[in-house]
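J.: can't give you the sequence, but here's the structure:
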């Protein structure tokens, strides 16, 4: 009986992590389409400064959490999951795939 409860708990946590990862990836695509390209064009060398990267990281976190269900956030908090680490990791992984050309950014 305890095993079934633990298995269900892990399923619920994994589902919440999946929701968080999807929300982070969606937010990266949105930011890339609406903010990043404009910042690069405004930059003299088409690179983002550390300050702009920090600002984008904050927007990524805020945008991702805004897309999450309350129950998903609650599950992750109760399980002591490092939400920011997952958001950052999912975001960086998607950005790497975009830069490598394995996926196209939104709008292309």
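T.: Good, I have the coordinates. Bear in mind the structure is a predicted one, so any value in this text is a computation, not a measurement.

J.: and the helices in this protein, which stretches?
T.: Taking DSSP state H as the test, the helices found in the chain are 2-31, 37-42, 50-67, 70-78, 83-100.

J.: what's around the nearest residue to residue 17 once chain neighbours are set aside, how many residues?
T.: Closest residue to residue 17 in three dimensions, ignoring its sequence neighbours and counting by CB to CB, 6 or more residues apart in numbering: residue 86, at 6.3 Å. For every residue, glycine as well, the C-beta is placed using N, CA and C. Neighbour count of residue 86, defined by other CB atoms under 10 Å: 18.

J.: related to what we said a few turns ago, need the helices of the chain in CSV (columns: mean pLDDT).
T.: Output for the helices of the chain, formatted as CSV (pLDDT from 0 to 100):
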stretch, mean pLDDT
helix 2-31, 92
helix 37-42, 67
helix 50-67, 91
helix 70-78, 96
helix 83-100, 93
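
J.: which residue lies nearest the spatial centre of this structure?
T.: Residue closest to the mean C-alpha point of the chain, counted by CA atoms, centre = their mean, is residue 24 at 2.1 Å.
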